[in-house]
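In: quick one: sequence and predicted model below, then my questions.
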Amino acid sequence: MSSQTLVIFVSVLLLSCATRWIPAVRTRQALLLAGSYFLYAHLAGAGYLALLIASSLMNYCWGVLLRRRPTASLLGAGIASNVLLLAFFKYMSPLARLWPGAFSGLDFVHQIVLPLGVSFWTFQALSYLIDTYLEEELEPSVLEFCLYMSFWPTVASGPVCRLYKMLPRFRKLPGSFGEDFSIGAVRIVQGLFMKFVLSHLLAAGVSNGGVTAGFNTEGIQRSGFDVWVLAIGFGFQIFFDFAGYSHIVIGAARMVGIQLEENFNRPYLSTTPAVFWTRWHMSLSFWIRDYLYVPLTTLRRNRWWHHMTLVIAMVIFGFWHDARLTLILWGIYHGLLLVAHRLGQKLSRRIPFKLPSPLGALFSWAATFMLICLGYIPFRANDVPQALQMMDAVITPGSYGFAHATLPWDFYLLVLVMVAGYFSYSGLVQLLSLWKTRRESIARAQALDEPHGTWAALSRPILWSYDEITARKWWLLAPVLGLLLLLVGLSLLDNSDVAPFIYTRF
Amino acid sequence: MILTVHSRLRNSQPRLRTSIAIVVLSLLMTLGYALFGHTLIKALHESDSSVANRLMSGRQQTSLVAYFSKADQEVLKISLFLVSIAFAILLSRNPFGIVLSVMSIVVTLLLFFLLLDTFPPLASALHFDSIPYFSFRVHNLLDPELGFLDKPLHHTEDHNFRGWAYSTAYGIDMAPETVTIQTDEEGFRNQPGVTRADVVILGSSFPEYGPDLEDTYTKKVEKHLNGLIVVGLAKGGYGPIEFLKVFQRFGLRKKPKYAVLTFNTEDLRFLGTDALGEQNQRIQNLKILYQGSFWQRWTLALEQARQGVWKGLSAGFTSMVRSDTNQPGIHPDLVSLRLPGSPPQPLIFPSHHTGLASEDFLKSPAWRQFEQVVIDFKNISDQNQVVPILAYIPFATETYSEYTTLESGGKWLARRDKEIATSGNDEKAVQALAERVGIELISFLPAFKDAARQGKLVYYRFDNHWNSEGREIAARVTADALRAHIDGAASSSNGPTTGVVQPVHYLQK
Amino acid sequence: MSDALIQLFAEILQIDPTDLNEDSSPDNLKQWDSLASMELVAAIEEKFKVKLSTKEIMKMSTIGRARKVLQGKSVAA
């Protein structure tokens, strides 16, 4: 990341925060839009900015037409124009690589560059068109719609927003700056740390390679155990990367005064695959559910068709990421997993036997976690043969055993520490929030002068110190956040001034 | 909006107002210095007034650029001090909070240090190996005799090599190189398993420098002497006394026929009474590293981290504020080099030749110690039937000073004339020393000067070490000298003829 | 009717009716997953004797909206 980009990013952030104090709604929106366009032009170039503006205006016109006459054919035309745009930029080049014959003579196809965020803002436009067709009360001005399409925190990689949620937020005056700033700043630091330190650490490994090197299987056969470690390692790498990015974006938007929907909600604590998709990349997952899965499923009232649409929806989810066969495999895998889960649900309703609650939940969680992680093998694999080879190692009993460990020992340790650390951290956060609610109920009991027993009386000093410290929690947290920022800074600067000390004379 | 800010300020507490005032003052001071500071200093430097006499009494001897650096540092220090005061005033509202913060800082730093100290590879993964403490934990071992050794059979990779003196503050884009280092069973940069060698190379970082083993001076010598085994026992950070100890401890048991002691006069900084301070500091730090208590190690790491942060801040501040006496816009450290047949290119001379008159060299304690080292080297070699050879590695400044242009930065311009005038003095001193001791000397300076005339750059642009071309030329010169022994004939020639590089020996019977 | 619709949701989703309100949706009820969605559609069509189009089903993103759609179809809802 160049220092120029960083400076521009910070300036746009500051400008956007400054708009909080402008009471005139339209001026505020215009300034946010100007900042968004400026940043987009810097990151993607003026040409693609023009494309974004053109798409925004085109979709706004579609919206006006649909509002007047919400017919299926108009909607179809609107959807088709957006899908064609997306397909042209995203899928022409990979398809040309797969079928060179079909594109002979069209050399420009190989030069197509993906416009920044096209998958995301196209999907936002589609959600707007479909919502308008469904006669939602949406009347954005041109300014508001363009801002919705190009809002700088979300334009690059989401979350995919819905206009009916964003419009009131664009229109109302933001609240307390102090609160927004502190929450936003913490989220940004947290996100930066997750994305630029934790994710990088997993990808590159500690000393001799990590996930990236692990997926380089030239001449090496990975054992079943190694494949599991790589699957889980990559699972956390991509989680820290994307959830970290989401934290940064949501934190930045919070500082500007706009609250965005969450994109991740402790996905690896999911107890079933169905729950996982309500906690992972939530904005896109819900988009696929609401605008693809539901309409597709309602076409037939046939149980097997319903299962089929699950698989189709997941395949499209995979294909949306990139036009690669491995991703389609991934989609099929998750589709079948969801179908299997659904069939299991129906079966369990018929069977009276049920495992005792905590045991059952633990088993369900473990199975879900392992199966989700296994799905990352086709997601990350470089090609289909590698994916199949690795999956094969998983199901071959002979390929397990420590004699077959081919990855560096510190990578195994790293993955173990990451997993244990993440689940401990989540557990700790849950415990803290439980304690917070308990504290609040004690406070209420005290306020009502209810008798609260010896426990509360003995714990008075504990409660007092808890109160004093939480009132000053930023004093405690600020140095930690500072250290995290330092680590992020070192990670970002790693290819300029900060060279390892091997060469200088000590 | 300005009105809102103004009214908010008026209504806020006095502490906040004071803090903001101090920060604003600090910013104004920095801005003022950035705009006018250097011009003012320059004016004072050149004036004759009594004010200048009082403030800059030594300005006849001290260069303008030195005043600039000192002033930059002082202004930065004052600026940081003011900001800290502002911060302290702001935070003083909540003394308990300050206590919590201090506790938090201490505990966080302790835990983080403990983590990195327990898993040193993590330090390099998190890029903390820019701090010498952690770099040493990852790569080195303590040795009572030599101070330190590299870890044996240790693999290191650096993907961001651009020269150790490189800085983005210079505004020059350089593609990074990947450097892969693998050490042998003894911790030197060779392929493992070499128990016997015909030639041992001693020295500091020059023989072991290179992106991979094949592109090092040692391996190139071996290639040119096809059939003979050459082993490298050189290590960056060693001084002449260590060269000798390495020879006795590791070199002799390889039963070599030839021993080449390569050195650069900068290696002499570890000798003499003045250098004892630096040498002692190094040994002290290493002792703390491996034998000190947790608290001593923590303090050392923190101190080095602080120094690193300060270096980064001052470098950033200097590049923001810089001006040059003659050439605005050129970083004071940069040198513009115009070689025959090429356009001028910017680079850095991180090291400079000593600039003394040759006679003065040999009188200094460091050189006298060095002479003793060379005498011992010769004697030990003679006792073990090894042919000792001294190899002099010149500075880039000795080779290229005359090709630098006036479009260079202020720091170079201040010393350019002197450097040109004294180029070759170091070599002459070494020649005299070699004659006195009676040891064969190879000097790479003539071959390098030749290369310069042909428009070749034999050193890195942002590093004091020789580059691939330089290593190649030096290896060829060395191999030619060794082959002369091997073929039985000892020849001497008086200098390079055009187009053909002749090795230059100074052999005294 | 208000009871009938909420009763239907409570039965299919196996939740206590007092935990449901007009804003209940798949986003805030974990029992309302994709399997439940289709069962709800089938149940509503059967109970209120209507045939729901794709557009109408897509509009039913909360209990309140489902009620509005049914009222729009002139069903006694």
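Out: Received the coordinates, thanks.
In: below-threshold pLDDT in the chain: ranges please.
Out: In the absence of a named chain, chain A is used. For chain A, the stretches with pLDDT under 70 are A:1-3, A:103-105, A:355, A:401-403, A:447-459, A:494-506.
In: um, chain B though
Out: Where chain B drops to pLDDT under 70, the residues are B:1-12, B:59-62, B:273-280, B:322-329, B:489-509.
In: domain map for it?
Out: Residue ranges for the domains of chain B, per automatic domain parsing: B:2-93, B:128-290+B:325-506.
In: what is the burial count for residue 8?
Out: I'll assume chain A. Neighbourhood size, residue A:8 [other CB atoms under 10 Å in any protein chain shown]: 17. Glycine gets a C-beta too; all of them are placed from N, C-alpha and C.
In: sorry, should have said chain C
Out: Residue C:8 is flanked by 19 other residues according to other CB under 10 Å.
In: I figured it was touching residue C:46, is that so?
Out: No: the pair residue C:8 / residue C:46 is not scored as a contact, 9.6 Å apart, by CB atoms under 8 Å.
In: which among the domains of chain B is found nearest to residue C:26?
Out: When the domains of chain B are compared by CB to CB, domain B:2-93 sits nearest residue C:26, at 43.1 Å.
In: which phi and psi does the residue of the stretch 1-150 of chain A found nearest chain C have?
Out: Here the stretch 1-150 of chain A gets closest to chain C at one residue, residue A:134, 5.2 Å apart by CB to the nearest CB. When read as degrees, to the nearest 10, the backbone of residue A:134 gives phi -80, psi 10.
In: skipping its backbone neighbours, what lies nearest it in space?
Out: Distances taken as CB to CB, 6 or more residues apart in numbering or on different chains put residue C:59 closest to residue A:134, at 5.2 Å, once the chain neighbours are dropped.
In: measure the one you found to chain B for me?
Out: In this view, residue C:59 and chain B are 43 Å apart by CB to the nearest CB, to the nearest Å.
In: contacts only, for that residue.
Out: A:134-135, C:65, C:68-69 (CB atoms under 8 Å, 6 or more residues apart in numbering or on different chains).
In: apply 10 Å and report the result again.
Out: A:131, A:133-136, C:52-53, C:65-66, C:68-69, C:72 (CB atoms under 10 Å, 6 or more residues apart in numbering or on different chains).
In: which member of the residues you listed is positioned nearest residue B:421?
Out: residue A:131 (80.8 Å).
In: so is the helix-or-strand element of chain C with minimal mean pLDDT next to chain A?
Out: Taking mean pLDDT, DSSP states H and E as the measure, chain C has helix C:2-13 as its least confident helix or strand, at a mean of 85. No: Helix C:2-13 is not in contact with chain A by CB under 10 Å from any CB of the partner chain; minimum separation 12.0 Å.
In: next SSE downstream of that helix?
Out: Using DSSP states H and E, the helix or strand that follows helix C:2-13 towards the C-terminus is helix C:34-48.
In: gap between that following helix and the chain center?
Out: For helix C:34-48, the separation from the chain centroid amounts to 7 Å (computed by CA atoms, centre = their mean, to the nearest Å).
In: between it and helix C:2-13, how many degrees?
Out: Angle, helix C:34-48 to helix C:2-13, by axes from the mean of the first three to the mean of the last three CA atoms, to 10 degrees: 140 degrees.
In: which secondary structure elements does helix C:34-48 contact?
Out: In terms of contacts (3 or more CB pairs under 10 Å, 6 or more residues apart in numbering or on different chains; DSSP states H and E), helix C:34-48 is packed against helix A:273-276, helix A:294-297, helix A:303-321, helix A:325-350, helix C:2-13, helix C:54-59, helix C:63-72.
In: go with 7 Å
Out: Counting by 3 or more CB pairs under 7 Å, 6 or more residues apart in numbering or on different chains; DSSP states H and E, the packing neighbours recorded for helix C:34-48 are helix C:2-13.
In: quick check: angle from the helix it packs on to helix C:63-72?
Out: Helix C:2-13 runs at 120 degrees relative to helix C:63-72, counting by the same axes, to 10 degrees.
In: give me the contact list for helix C:2-13.
Out: C:16-17, C:20, C:29, C:31-32, C:36, C:39-40, C:43-44, C:47, C:63, C:66-67, C:77 (CB atoms under 7 Å, 6 or more residues apart in numbering or on different chains).
In: one more time with 8 Å, if that's ok
Out: With contact meaning CB under 8 Å, 6+ apart, helix C:2-13 is reached by C:15-17, C:20, C:24, C:29, C:31-32, C:36, C:39-40, C:43-44, C:47, C:63, C:66-67, C:70, C:77.
In: the strands in the stretch 151-300 of chain B, which residues?
Out: Using DSSP state E, counting those that start in this stretch, the strands of the stretch 151-300 of chain B run over B:155-161, B:177-182, B:199-203, B:230-234, B:258-263.
In: would you list those strands in CSV and tack on distance to residue A:193 and mean neighbour count?
Out: Listed next are those as CSV, based on distance: least, CB to CB, whole Å; neighbours: other CB atoms under 10 Å in any protein chain shown:
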stretch, distance to residue A:193, mean neighbour count
strand B:155-161, 22, 16
strand B:177-182, 27, 15
strand B:199-203, 43, 27
strand B:230-234, 41, 26
strand B:258-263, 46, 24
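In: out of those strands, which is closest to chain A?
Out: strand B:155-161 (4.9 Å).
In: that closest one and chain A in contact?
Out: Yes: contact between strand B:155-161 and chain A, assessed by CB under 8 Å from any CB of the partner chain, occurs at B:155-156, B:158-161.
In: interface residues of chain A facing chain C?
Out: So chain A meets chain C at A:72, A:130, A:133-135, A:274-275, A:278, A:286, A:289-291, A:293-295, A:297-299, A:301, A:306, A:310, A:338, A:342, A:345-346 (CB under 8 Å from any CB).
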